[in-house]
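In: just a sequence and a predicted model for now, questions to come.
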Amino acid sequence: MSEREETFLKEKFQSYYKNNTVNEPPKPETREFGFGTYGKKISNRHVVFKNYDELNTFLREDVPFYISASSAYYKFPEKRPMNTKELQGADLIYEFDADDIKTKCKDKHDTWACENCNLDGTGNPEKCTNCGERVSVTQWFCPDCLNETKKQVFKLIDFLENDFGFTGLTVNFSGNAGYHVHIRNEAIHTLSHTARIELLDYLTANNLNFPSLGFVKKDKMMLCPDMKQSFGWGKRISEALVKFLTENDLSTIAEAGNIPVIKAKKLIPNKELLLKKIQEQNVLLSSGTPKELEFWNALLEHIRKKVALDIDRQTSIDMHKIVRVPDTIHGGTGLLAKTIEREKLKEFDPFTDALVFSDSEIRVFINKAPELMFKGKSFGKFENTEVSLPEYLAIYLIARGAAELR
Amino acid sequence: MAAVEALKFSQKYPFSRTAKNVLREMNLSLEEVPIETIKRAKVMIELAAIGKEYEVEEINHSELLKNEILAFPVAKILLSFLNKSSLNEKFAMMVSKTTFNYLSKEKNRNEILLNLADDLDLKFSLSNDENFFVTLDLFDYLKINFNEDYLKLVNQKVKAGKVYVDENDFMRFISELVFTRIYDSLPADINNVPSKFKTMSRELALDVIASQKRYTEFKFTGKIKPEYFPPCVSEIYDSILEGKNISHSARFFLATFLAGIEMPSSEIIEIFKKAPNYKESTTKYQVERIAGKKGTKYTPPSCVKIKEYTLCNSKTCNVKHPLSYYKRELAKEKKNKQKKNEKQTKDA
């Protein structure tokens, strides 16, 4: 991107910050801030703002492309190295990104190019389909992949509220391809590093031990937890198991349990009877042969993976990380990292609700972009085209480096 | 609690508030601590250092009981002068294990458990559900170190911010909590402690060293032998050689391990070249930093850390550090070779 585009974006971001005030994150005076310029999310760290006024003045005058704040509260947030800051506590922040979730729509909008044989194509393969060498992938995001990401957010909220009893949850769009869930309250702040790992292991079902949850072998039977009385992971696994057995045919069940269909037919001659046994007598299997045990263990493991959340370990337990400040602009998209009210989360569409720029048309030259859905309207796809687009979309493409001003 | 009962309780659970109250009532200055108590405190630390447990004698005489109770804070003072976190950990571990042993032998265990829970300021209530003993506040439950899989939160019954535990798990939880509380309380503030304790701690340090095996630093030399890598390293090493994309933490671990066994940086970089997103300048910079070319060398993470990052893939290694595994396997090979040589010499 040339200087002209960079100046253009900066002016646009500035006009937004001049007309809007950011009141995030809570207790700004105790946080470490970091900001970035075009193409570099964090170019400066250890920055401090005494209050929201200072923060907003900085946004209006310096207009950073990115601004992040620590999840931690420090006594001396400006000091470095890190240990001299004196950690006082930290919020919990979980991040979900469409990058990490495999969705079918990626085949439609992502593109790749092989650095070795120059072959290119659509989709998101790990290796070149021709020569097997590494490929560079250009990722795009659509309402479908962001909805899949949102499903993870809802799953997380269920765990946090119903199992952990946490209060003080806020959700915001990341400004690009995901969602951030912040949990801020006094009790959370004091959680140790070990405690944070424990919560993460719970959410991701890491080191889950089936016998501890009531899936125990007794005589020739394998018992499962009583669905009416159990809770925590015991209940989650039992319910998901019943749902999986009910909704799928024997071939899918066999595949999940890692056995041939013929064997599955022998093990489950009558699915209805089995479901009844699970729900009423808390019994999974009754013959107790090693093969049968192996099948159930494989099936339970399959269910565990299905129900567990997929959360990045390192970022969620790092108490010193800095994360985008909610309600600020993501400089790589021009979208707002908007705080979303809980009742509006289900309907939230970032390509409608996180737009902050106008509909007035701007002429741009687009190198390459797939079909995009903004405000419910389809645009593109584009390849080496000059076109007039609404300002919000033009800014999105310029910020991504896919278009330039004409 | 009646007076003698309180003393007996405090003897077994010297970290409790009841024990602290007993000591407060004794109103003893540190100058007046009897020599028997100091000896007892030293024994406690020496036993902890070699991983043994201490036995509480059945005493009915209240003065003797008080001396026993006093030995615990005296031991903490001596540990604070020594200020060695590994020894603090062993001491906390010993008290935790002893607590568990006493709890499991208590006749009226329910009552003692509830007393201790109160004493440790836990938020709990007796469970209405007959399958459980108490419900604990989630934030209290999260205060222990989760060394055992079955105690992990994921394997507990959790609902609406409460953890439902049965009597056995509650007993284990209390013992684990004792470990955390004692470990976190060390070193204690020793500013106003008489200097004779400092002198005593110096003597103690020598005794402790004498009773522990002397640690000699092991230098890795000779050819690198991937067949002796621990399973966690092998998996990452094989993946990278197969050109698979591996996580940042796995890369860091592999690089620190290879640097730890003295593999030259140039060879480590060669291995990382196989990664699908290899960048020469970044890899070179990072590997050289890890190998200590620009300052301190990074040591590989311990097994505890490796588990945290879910890179551990074996439960049968029987080591606490991946380098120890490699060291052990090399030593085995050396021993086998020696035996073979001896046999050959004999045969010849």
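Out: Happy to help now that I have it.
In: and residue 258, what does it touch?
Out: Picking chain A for this. By CB atoms under 8 Å, 6 or more residues apart in numbering or on different chains, the contact list for A:N258 reads A:E294, A:F295, A:A298. Any C-beta I mention is one placed from the backbone N, CA and C, and that applies to glycine too.
In: oops, chain B please
Out: B:L258 neighbours (CB under 8 Å, 6+ apart): B:I224, B:E267, B:I268, B:I271.
In: what's the answer for B:K279, then?
Out: For B:K279, the contact set (CB under 8 Å, 6+ apart) is empty.
In: can you read off the backbone torsions of B:V4?
Out: With angles defined as degrees, to the nearest 10, B:V4 sits at phi -70, psi -40.
In: residues contacting it?
Out: Contact analysis of B:V4 by CB under 8 Å, 6+ apart lists B:N60, B:S62, B:L65.
In: do you know how far the second one is from B:S10?
Out: Distance, B:S62 to B:S10, using CB to CB, to the nearest Å: 11 Å.
In: these two: which is more packed in?
Out: In this view B:S62 and B:S10 are compared by other CB atoms under 10 Å in any protein chain shown, and B:S10 has more residues nearby, 25 against 14.
In: show me where the stretch 251-400 of chain A has strands.
Out: Applying DSSP state E, counting those that start in this stretch to the stretch 251-400 of chain A gives strands spanning A:283-285, A:322-324, A:339-340, A:361-369, A:372-374, A:377-379, A:382-390.
In: most tightly surrounded among those?
Out: Burial of the strands of the stretch 251-400 of chain A is given as mean neighbour count (mean count of other CB atoms under 10 Å in any protein chain shown); strand A:322-324 ranks first at a mean of 22.
In: ok, the lowest-mean-pLDDT helix or strand in chain A: who's next to it in the sheet?
Out: Taking mean pLDDT, DSSP states H and E as the measure, strand A:283-285 is the helix or strand of chain A with the lowest mean score, a mean of 78. Strands that pair with strand A:283-285, judged by DSSP bridges, come out as strand A:221-223 (antiparallel).
In: buried subset of the contacts of A:N258 as a PyMOL selection?
Out: Restricted to buried positions by 16 or more other CB atoms under 10 Å in any protein chain shown, the PyMOL selection for the contacts of A:N258 reads:
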select buried, chain A and resi 295
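In: so of the contacts of A:N258, which ones are in helices?
Out: By the criterion of DSSP state H, membership of these in helices covers A:E294, A:F295, A:A298.
In: the residue in the stretch 201-350 of chain A that chain B sits nearest to - how many residues pack around it?
Out: Chain B sits closest to A:S212 of the stretch 201-350 of chain A, with a gap of 3.8 Å, by CB to the nearest CB. A:S212: 19 surrounding residues under other CB under 10 Å.
In: identify the residue spatially nearest to it, adjacent ones excluded.
Out: Closest residue to A:S212 apart from its sequence neighbours, by CB to CB, 6 or more residues apart in numbering or on different chains: B:N155 at 3.8 Å.
In: I figured that neighbour hits B:D149, correct?
Out: Yes. With contacts defined as CB atoms under 8 Å, B:N155 counts as touching B:D149 at a distance of 6.6 Å.
In: what's near enough to touch the residue of the stretch 151-300 of chain B found nearest chain A?
Out: Chain A sits closest to B:G161 of the stretch 151-300 of chain B, with a gap of 2.4 Å, by CB to the nearest CB. B:G161 makes contact with A:F164, A:G165, A:F166, B:D137, B:L138, according to CB under 8 Å, 6+ apart.
In: for A:K155, state which of those is nearest.
Out: Of all these, A:K155 sits closest to A:F164, with 13.4 Å by CB to CB.
In: ok, the closest one to B:K346 distance?
Out: A:F164 is 67 Å from B:K346, by CB to CB.
In: and these two? Which one has more around it.
Out: Using other CB under 10 Å as the criterion, A:F164 and B:K346 rank with A:F164 on top: 23 against 7.
In: list the contacts of the residue nearest the centre of chain B.
Out: By CA atoms, centre = their mean, chain B has its centre lying nearest to B:E89, at 5.4 Å. When contacts are counted by CB under 8 Å, 6+ apart, B:E89 touches B:Y183.
In: which helix or strand contains the residue nearest to A:R80 when sequence neighbours are not counted?
Out: Nearest non-adjacent residue to A:R80, counting by CB to CB, 6+ apart: A:H46, 5.1 Å away. For A:H46, the host element (DSSP states H and E) is strand A:40-47.
In: before we move on, back to that, in a markdown table: the ones in helices among the contacts of A:N258, plus pLDDT.
Out: Below are these laid out as a markdown table (pLDDT from 0 to 100):
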| residue | pLDDT |
| --- | --- |
| A:E294 | 87 |
| A:F295 | 90 |
| A:A298 | 94 |
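In: save those residues as CSV, and put in distance to A:G380 too.
Out: Below are these laid out as CSV (distance: CB to CB, whole Å):
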residue, distance to A:G380
A:E294, 51
A:F295, 49
A:A298, 45
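In: hang on, the earlier thing: how many residues are close by the residue nearest to A:S212?
Out: B:N155 has 24 neighbouring residues, counting by other CB under 10 Å.
In: state the phi and psi torsions of it.
Out: For B:N155, the backbone dihedrals (degrees, to the nearest 10) come out as phi -100, psi 10.
In: quick one: contacts of stretch A:121-135?
Out: Outside stretch A:121-135, the residues that touch it by CB under 8 Å, 6+ apart are A:106-117, A:119, A:137, A:139, B:245, B:276-277.
In: picking up where we left off before, now, which of the contacts of B:L258 lie within helices?
Out: Those of the contacts of B:L258 lying in helices (DSSP H): B:E267, B:I268, B:I271.
In: and these, which are buried?
Out: Listed as buried from the ones in helices among the contacts of B:L258 are B:I268, B:I271; burial here means 16+ other CB under 10 Å.
In: would you mind listing what in chain B touches chain A?
Out: Counting by CB under 8 Å from any CB of the partner chain, chain B comes close to chain A at B:129, B:131, B:138-139, B:142-143, B:145-146, B:149-150, B:152-162, B:164, B:245, B:248-249, B:276-277, B:308-310.
In: pull out the buried residues from the residues you listed.
Out: For those, a burial check counting by 16+ other CB under 10 Å picks out B:138-139, B:142-143, B:145-146, B:152-159, B:161-162, B:164, B:249, B:308-309.
In: run a quick check on A:D97 versus A:F173, I expect a contact.
Out: No. Between A:D97 and A:F173 no contact is recorded; they are 11.4 Å apart, counting by CB under 8 Å.
In: more neighbours, the two?
Out: Comparing A:D97 with A:F173 by other CB under 10 Å, the one with more neighbours is A:F173, at 28 against 19.
In: was I right to think the more buried one contacts A:V356?
Out: No. Assessed by CB under 8 Å, A:F173 is found out of contact with A:V356, at 11.7 Å.
In: and the residue of the stretch 51-200 of chain A closest to chain B?
Out: A:G165 (2.4 Å).
In: skipping adjacent residues, who's closest to that residue in space?
Out: Using CB to CB, 6+ apart, the closest residue to A:G165 is B:G161 (2.4 Å).
In: got the contact list for the closest residue to A:K277 other than its chain neighbours?
Out: Spatial nearest neighbour of A:K277, excluding adjacent residues (CB to CB, 6+ apart): A:V283 at 4.9 Å. Residues near A:V283 by CB under 8 Å, 6+ apart: A:M221, A:M222, A:L223, A:C224, A:K277.
In: could you measure from A:V283 over to A:K243?
Out: Taking CB to CB as the measure, A:V283 falls 18 Å from A:K243.
In: and what of B:T99?
Out: Distance, B:T99 to A:K243, by CB to CB: 43 Å.
In: mutual contacts of B:N155 and B:D149, please.
Out: Listed contacts common to B:N155 and B:D149 are A:N207, A:N209, A:S212; contacts here mean CB under 8 Å, 6+ apart.
In: now tabulate those residues in a markdown table and tack on pLDDT, distance to A:R236 and secondary structure.
Out: Shown next, in a markdown table, are those (pLDDT from 0 to 100; distance: CB to CB, whole Å; DSSP: H, G, I helix; E, B strand; the rest coil):
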| residue | pLDDT | distance to A:R236 | secondary structure |
| --- | --- | --- | --- |
| A:N207 | 91 | 16 | coil |
| A:N209 | 91 | 14 | coil |
| A:S212 | 88 | 14 | helix |
